[in-house]
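>>> This is the structure alone, sequence omitted:
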């Protein structure tokens with residue numbers, strides 16, 4: 001369904017529907033007795049889009065964190081006017097990955113939701129993600145390519161690239177991902193240590209600072225003991241403005257992350273398989289015996 005559909009939105013008389021979720025019968029709020037939900041929204045000059053996003057946030061969201069990249073269009077001021085208790089964070093470097101890491105540093109919710117500010121993802125779908133987590137998942141990963149999902153925005157080039165990269169990750173890491181490069185995700189706060197996100201300190205760019213962050217998170221979650229499930233999600237076109245995503249540049253960054261994570265995975269596996277030499281303590285082993293042990297150890301490793 002494209003943004004030019006003839007359906008009409010209940011959010012405004014005569015207003016054309018931008019996202020199919022606007023005409024679905026979804027619950028209007030989160031369970032007031034359920035877990036506290038923090039919604040993280042990275043922004044850079046998204047003032048035109050924020051009202052649409054904020055208007056559709058489910059009632060009961062405990063915390064909204066807007067991470068701003070030095071917007072010049074009044075994004076921060078507008079966010080404060082839309083929600084008095086909004087938390088504003090200025091990111092320390094450039095890129096979506098750094099923005100998310102900065103937000104996670106201050107988030108206080110039991111559940112953390114990653115939501116884009118451009119109107120491509122519908123906030124009402126948060127209810128589906130929270131339900132998946134309450135049903136037993138640790139990490140709920142959005143997918144445009146499972147039943148009930150879809151996209152009006154992805155180009156043929158991006159679709160092909162995403163499919164190829166998804167297959168690569170599935171082969172290298174034994175996963176079954178249907179959508180590797182999608183940023184609508186939710187997870188319990190206890191998952192954060194497993195993500196090992198780049199430090200927010202310093203001003204020098206780091207791997208994982210950009211759009212490759214979704215791939216980095218997905219791979220590290222897959223290698224952890226966490227339970228991961230995919231949740232169907234529909235991606236509309238951006239409401240206003242131009243995306244900072246570049247298919248070629250960011251595709252290469254994603255590929256670089258996959259290869260780096262594969263190398264790290266293989267090194268960790270080899271280290272876990274290395275034979276160990278036991279030296280009693282505090283007994284001092286004779287010099288000749290220590291030398292023999294070093295030779296034996298080297299032969300075992302070889």
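Arrived safely. Small disclaimer: the values here were computed from a predicted structure and weren't measured.
>>> how about low-confidence regions in the protein?
Residues of the chain that meet the criterion pLDDT under 70 lie in 1-16, 24-27, 243-248, 250-251, 268-302.
>>> Now with 80, please.
Applying pLDDT under 80 to the chain flags the ranges 1-17, 23-28, 153, 241-251, 265-302.
>>> Tell me where it has helices.
50-55, 75-82, 96-106, 126-134, 156-173, 192-195, 213-222, 247-273, 287-301 (DSSP state H).
>>> Mind listing residues that contact the third one?
If I follow you right, that is helix 96-106. Applying CB atoms under 8 Å, 6 or more residues apart in numbering, the contact partners of helix 96-106 are 40, 42, 65, 67, 69, 87, 89-92, 112, 114, 183, 192, 197-200, 206, 208-213, 216. C-betas here are computed from N, CA, C, even on glycine.
>>> same deal with the first one?
Counting contacts by CB under 8 Å, 6+ apart, the residues outside helix 50-55 that touch it are 11, 18, 41, 43, 64, 66, 75, 78-79, 82-83, 115, 117, 119, 123, 239.
>>> Now, of these, which are buried?
For the contacts of helix 50-55, a burial check counting by 16 or more other CB atoms under 10 Å picks out 18, 41, 43, 64, 66, 75, 78-79, 82, 115, 117, 119, 123, 239.
>>> would you turn those into CSV with distance to residue 160?
Written out in CSV, the entries for the buried ones among the contacts of helix 50-55 read as follows (distance: CB to CB, whole Å):
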residue, distance to residue 160
18, 26
41, 29
43, 29
64, 35
66, 33
75, 33
78, 37
79, 36
82, 38
115, 26
117, 27
119, 25
123, 29
239, 26
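>>> Which parts of the chain belong to which domain?
20-266, 276-301 (automatic domain parsing).
>>> Distance across the longest one, terminal residue to terminal residue?
Spelled out, it's domain 20-266. In terms of CA to CA, to the nearest Å, the two terminal residues of domain 20-266 are separated by 43 Å.
>>> Stretch 193-202 too?
Across stretch 193-202, the straight-line distance between its terminal residues is 20 Å, by CA to CA.
>>> Can you give me the buried ones in it?
Within stretch 193-202, the residues that qualify as buried by neighbour count (16+ other CB under 10 Å) are 194-195, 197-198, 200.
>>> Specify which member of the residues you listed is nearest to residue 159.
Nearest to residue 159 among those, counting by CB to CB, is residue 195 at 26.3 Å.
>>> The closest one contacts residue 220, correct?
Yes: contact between residue 195 and residue 220 holds when scored by CB atoms under 8 Å: they sit 5.5 Å apart.
>>> before we move on, the earlier item: quick one: closest of the helices of the chain to residue 229.
The stretch from these with the least distance to residue 229 (CB to CB) is helix 126-134; that distance is 5.3 Å.
>>> The closest one packs against which elements?
Helix 126-134 makes packing contacts with strand 37-43, strand 111-114, strand 139-143, strand 185-188, strand 228-232 when contacts are defined by 3 or more CB pairs under 8 Å, 6 or more residues apart in numbering; DSSP states H and E.
>>> what's in contact with it?
Counting by CB under 8 Å, 6+ apart, the neighbours of helix 126-134 from elsewhere in the structure are 26-27, 30, 34-35, 37, 39, 57-58, 61, 111, 113, 115, 140, 142, 184-188, 229, 231-233.
>>> For ChimeraX, write a command that selects the buried ones of the residues you listed.
For the buried members of these, the matching ChimeraX selection, counting by 16+ other CB under 10 Å, is:
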select :30,35,37,39,57,58,61,111,113,115,140,142,184,185,186,187,188,231,232,233
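>>> Tell me how far stretch 49-56 lies from the chain's centre.
Centroid displacement of stretch 49-56 relative to its chain, using CA atoms, centre = their mean, to the nearest Å, is 20 Å.
>>> typo on my end, stretch 231-244
The chain centre lies 15 Å from the centre of stretch 231-244; the measure is CA atoms, centre = their mean.
>>> what's the spacing between the most centrally placed residue in the chain and residue 240?
Within the chain, one residue has its C-alpha closest to the average C-alpha position: by CA atoms, centre = their mean, that is residue 214, at 4.4 Å. Residue 214 sits 23 Å away from residue 240, going by CB to CB, to the nearest Å.
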